[in-house]
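Visitor: take a look and give me a structure for this.
(one chain, ligands or ions: 2)
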Amino acid sequence: MLSLVLPTYNEAKNIPELLPKLEEILTGIEHEIIIVDDDSPDGTWHIALELAQGREDLHVIRRLGRRGLSSAVIEGFLAAKGDVFAVMDADGQHDFELLPALYHAVRSGSGIAVGSRYVEGGSVGEWDERRQVLSRIATRLALFLCAVKVKDPMSGFFAIERSLFERVVTKLNPKGFKILLDLLVCVPRETQVTEHPFTFRKRLHGQSKLSLRVQVDFLEYLYDVTVGKYIPLTFVKYSLVGTLGVFVHLCAYYAITRFVLQSSHPSVGGFSIAVIGATETAIVFNFFLNNIWTFAGQRLQGKQAAVGFLKFNIACLFGALVNWGVSTSLFALKWQEFLAVFLGAMAGVMWNYTVNRIFTWKE
Ligand code: GDD
Ligand code: MN
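Guide: Ligands and ions are numbered 1, 2, ... in the order given. Below is the predicted model of the structure:
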């Protein structure tokens, strides 16, 4: 049995056009169709549910508060009953005439059968230059990682054997669009993968959801599965924020001594107060940026953010004390003023990442 998953986001106009064509092409193959919709504002889920009335072979999953092509496909496969799974765009861009061939390829031994734009006979159709270049670059980068190499690892049109999917599902990374790539990274090397040419068509209605966010997700994914195994991306981001934070700290120190205390030769007491003010300014800055960027996936909001900010301050307290102690001592020892501020800040930074990772933004 074939389980075909159609991920949808704002495809209300396309679904009613696509389904009859699928019915036609799939006659003779036992099948079910699973539409996984992320609560589309255009009501795709509603239209799909209406079409599913009285039909045994059409199912609708409406997900609330979640977005993402890959995770939608994974969820669809997890609900599927067939022994062969397939996925295609719900906008008419993938050539449904190819579905039986993909299905039969898996039935006769392929672990994965890919609808491919880059093998002989396939093409990307009428894409603009920019999209073609982006796709080629992404494909090149992606190929480094695949356990099994294919010409079109970024295709959104393929079929896979149930048992193979089940073998790797827990290893998948559900961010973004690149579900096939992720499968090709995770499957055993000896997996048989076949490619079947097709020409990428124009969308029937609506617009592509391949946003800048999806492209950034792709780059993050490449990082995650390579260098990220050793140096987590959050750590790199956290370090960048920390570096900016040191700069903010220096600027705040300057502003406090020069404009608030109005002294270009502060006493040790004045220096030490200015360092405290600068440290808190940097803490506010770091918390804000880490919360909206570094840990965007676990972003704290409203009351949670207030509690998080308090925790962040407590967690930073030891680092801040180190910062204060080091910079004030160096300054009292007649070290150059800004060097003392800088070295103190650096000493404080060292300590913070691990503590906040464990304490504030625990996953
Ligand atoms: N449930 C759900 N949630 N579905 C989504 C989401 C989402 O967040 N984002 C997109 N979709 C659905 C769309 O409604 C469509 O049916 C399908 O996933 C593909 O999205 P498109 O917006 O049509 O993507 P595209 O045509 O620009 O990109 C195609 O080519 C890429 C490679 O160049 C797709 O086939 C991609 O899968 C492929 O990687
Ligand atoms: Mn599409």
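Visitor: up against ligand 1, what does the stretch 201-350 of the chain have?
Guide: For the stretch 201-350 of the chain, the contact set with ligand 1 under C-beta under 6 Å from any ligand atom comprises 208-210. Where you see a C-beta, it was placed from the backbone N, CA and C, and this is true even at glycine.
Visitor: pretty sure residue 106 belongs to a strand, no?
Guide: No - Residue 106 is assigned helix when assessed by DSSP: H, G, I helix; E, B strand; the rest coil, not a strand.
Visitor: pretty sure it sits against residue 159.
Guide: Yes - between residue 106 and residue 159 there is a contact at 4.9 Å, judged by C-beta atoms under 8 Å.
Visitor: now do the shared contacts for the two.
Guide: 84, 112-113 (C-beta atoms under 8 Å, 6 or more residues apart in numbering).
Visitor: any chance of the residues you listed in a markdown table, with pLDDT and neighbour count too?
Guide: Putting the shared contacts of residue 106 and residue 159 into a markdown table (pLDDT from 0 to 100; neighbours: other C-beta atoms under 10 Å) gives the following:
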| residue | pLDDT | neighbour count |
| --- | --- | --- |
| 84 | 98 | 24 |
| 112 | 98 | 25 |
| 113 | 98 | 28 |
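Visitor: so who does the residue of the chain found nearest ligand 2 touch?
Guide: Of all residues in the chain, the one sitting closest to ligand 2 is residue 89 (3.7 Å; C-beta to the ion). Going by C-beta under 8 Å, 6+ apart, residue 89 touches 6-7, 156-157.
Visitor: find the closest residue to ligand 1 in the stretch 101-250 of the chain.
Guide: For the stretch 101-250 of the chain and ligand 1, the shortest gap (C-beta to the nearest ligand atom) falls at residue 156, measuring 2.0 Å.
Visitor: on that earlier part again, separate out the buried members of the residues of the stretch 201-350 of the chain next to ligand 1.
Guide: Neighbour counting with 16 or more other C-beta atoms under 10 Å marks 209-210 as buried within those.
Visitor: switch the residues of the stretch 201-350 of the chain next to ligand 1 over to CSV; also include distance to residue 198 and pLDDT.
Guide: As requested, these are exported to CSV (distance: C-beta to C-beta, whole Å; pLDDT from 0 to 100):
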residue, distance to residue 198, pLDDT
208, 18, 92
209, 20, 92
210, 18, 87
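Visitor: about what we covered before: helix/strand/coil for the residue of the chain closest to ligand 2?
Guide: coil.
Visitor: out of the contacts of residue 89, who's nearest residue 192?
Guide: Residue 192 has its nearest neighbour among these in residue 157, at 18.1 Å by C-beta to C-beta.
Visitor: determine the number of other residues adjacent to the closest one.
Guide: 25 (other C-beta atoms under 10 Å).
Visitor: now swap in residue 127 and tell me
Guide: Quick note: residue 127 (other C-beta under 10 Å) scores 15 neighbours.
Visitor: ok, it to residue 213 distance?
Guide: With distances taken as C-beta to C-beta, to the nearest Å, residue 127 is found 20 Å from residue 213.
Visitor: okay, residue 106 and residue 159: which has more neighbours?
Guide: residue 159 (30 against 24).
Visitor: that one and residue 85 touch, don't they?
Guide: Yes - under the criterion of C-beta under 8 Å, residue 159 makes contact with residue 85 at 6.6 Å.
Visitor: now do the helices in the chain.
Guide: Along the chain, counting by DSSP state H, helices occupy 14-25, 44-52, 69-78, 99-107, 129-143, 162-168, 179-186, 212-225, 233-255, 268-289, 302-332, 337-359.
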